[in-house]
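Q: output the structure for:
(one chain, ligands or ions: 1)
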Amino acid sequence: AVVKRFAVIGHPVAHSLSPRIHAAFGKQTGIALEYTTIDAEPEQFDVRLAEFAAEGGVGANVTLPHKGRAAAFCTSLTERARRAGAVNTLIRTGTGWEGDNTDGVGLVRDLTERHGLDLRERRTLLLGAGGAARGVAPALLDAGIGDLFIINRTPERADALADALAQPGRVHPRYFSDIASIGTFDLIVNATSATRDAKLPTLPVALAGPRTAAVDLSYGEVAIPFLAWARAAGAHDCIDGLGMLVEQAAESFQRWHNVRPETDAVYAAILAGHDALVTA
Ligand code: NDP
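A: Sure thing, here's the model as predicted:
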């Protein structure tokens with residue numbers, strides 16, 4: 001049989017866990033596949049993807065900083081990718097690429113099924129308005145959270161995300177300068193890449209309380225500053241993005257192969273090899 005070719009395209013991407021996760025899913029389901037990494041600077045996205053297609057690539061994951069560009073590049077979008085304005089999964093079609101977004105469903109599945117959280121009515125703070133934030137916001141709203149406050153370093157992007165979500169009574173863009181006066185949250189999601197450069201803005205401890213679940217979409221060392229803040233602030237659950245990573249991968253895998261892989265064993269294996277900060 002012909003081995004199907006997949007890749008994750010991002011920058012930086014060398015340390016991505018996606019190749020290991022998809023290899024494990026392939027082994028588990030008996031599907032032969034090749035899954036590599038493509039490092040592409042922002043302006044190289046289109047060219048590198050065209051090269052990958054010419055080499056027989058049939059599917060790809062898209063990671064930072066390309067999720068927005070990927071949405072504009074695709075010939076068609078799923079409803080959830082259109083709502084997000086961000087694409088993390090590409091599916092080769094006869095005429096180009098279909099774009100999907102599995103980040104949102106991946107986060108919600110991790111929080112509700114793996115960590116047993118009830119998201120309904122949770123007053124939620126989303127930090128960031130980049131590709132990951134745009135992917136998870138619609139899914140969190142669909143999962144029944146309460147009011148959603150969005151704060152981003154570049155305020156225009158928080159405003160644009162709030163506008164796109166089109167639920168003005170429920171979704172509230174705010175400034176970092178307001179952060180001391182917006183109350184306590186039941187769910188705080190760090191969807192910024194700020195902690196990669198150890199530049200997370202100062203967060204008041206009053207944002208978190210004894211019911212709060214704090215989630216960093218990144219994992220490993222990158223997640224430590226935010227989750228350490230959350231723990232010190234008294235949050236009940238401190239969860240990194242490793243489970244979401246495995247769940248969004250499973251959803252992408254299902255789109256490509258029409259088979260749903262089992263995630264628990266793969267999550268445990270990745271966790272064992274990766275000193276993640278998970279205390280839920
Ligand atoms: P983007 O580059 O699209 O967005 C980055 C976001 O971080 C923007 O909101 C940006 O604000 C903000 N930001 C960057 N630096 C700073 C800073 N110094 N201070 C404040 N805000 C800052 O990246 P993504 O949205 O794709 O990824 C964000 C994070 O989510 C990454 O850590 C990524 O690894 C993680 N992620 C994890 C996934 C998982 O499966 N676990 C899936 C997807 C993402 P501004 O608009 O002002 O530039």
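
Q: mind checking the pLDDT average for stretch 32-45?
A: Across stretch 32-45, pLDDT averages out at 97.

Q: so R211 touches F185, yeah?
A: No - R211 lies out of contact with F185 (C-beta atoms under 8 Å); the separation is 9.2 Å. Using the backbone N, CA and C atoms, a C-beta is placed for each residue, glycine as well.

Q: those two - which one has more neighbours?
A: More crowded of R211 and F185, by other C-beta atoms under 10 Å: F185, with 25 against 15.

Q: who does the more buried one form a beta bridge with?
A: With DSSP bridges as the criterion, F185 is bridged to A208.

Q: how about the contacts made by it?
A: R122, R123, T124, L125, F149, L207, A208, G209, T212 (C-beta atoms under 8 Å, 6 or more residues apart in numbering).

Q: quick check: the spatially closest residue to the first one that is not a sequence neighbour vs L203, distance?
A: The spatial neighbour of R122 that comes closest, neighbours along the chain excluded (C-beta to C-beta, 6 or more residues apart in numbering), is D186 at 3.8 Å. Summarising the geometry, the distance separating D186 from L203, computed by C-beta to C-beta, to the nearest Å, is 16 Å.

Q: then P173?
A: Distance of P173 to L203, given as C-beta to C-beta: 17 Å.

Q: what about the residue of the stretch 101-250 of the chain found nearest the ligand, distance to A235?
A: Per C-beta to the nearest ligand atom, G130 is where the stretch 101-250 of the chain lies closest to the ligand, at 1.9 Å. Between G130 and A235 the computed distance is 23 Å (C-beta to C-beta).

Q: who's more crowded, those two?
A: Higher neighbour count among G130 and A235: A235, with 25 against 21, using other C-beta under 10 Å.

Q: check which helix or strand covers the more buried one.
A: Using DSSP states H and E, A235 sits within no helix or strand.

Q: near the ligand, which residues of the stretch 151-280 of the chain?
A: For the stretch 151-280 of the chain, the contact set with the ligand under C-beta under 6 Å from any ligand atom comprises 152-154, 157, 191-194, 197, 199, 201, 217-218, 241, 244-245, 248.

Q: among those residues, name the ones in helices.
A: Among these, the residues falling in helices (DSSP state H) are R157, M244, L245, Q248.

Q: confidence score at the residue nearest to the first one when sequence neighbours are not counted?
A: For R157, the nearest residue in space outside its immediate sequence neighbours is A129; the separation is 4.0 Å by C-beta to C-beta, 6+ apart. According to the per-residue confidence, A129 scores 96 in pLDDT.

Q: and A129, how far from W229?
A: Distance of A129 to W229, computed by C-beta to C-beta: 20 Å.

Q: pull the number of nearby residues for the residue nearest to R122.
A: Number of residues near D186 (other C-beta under 10 Å) recorded here: 20.

Q: do I have it right that it meets D118?
A: No - in this structure, D186 is not within contact of D118 by C-beta under 8 Å, at 9.9 Å.

Q: what's the helix or strand where D163 lies in contact with?
A: Assessed by DSSP H and E, D163 sits inside helix 155-165. Applying C-beta under 8 Å, 6+ apart, the contact partners of helix 155-165 are 83, 85, 129-130, 133-134, 137-138, 141, 148, 150-152, 168, 171-175.
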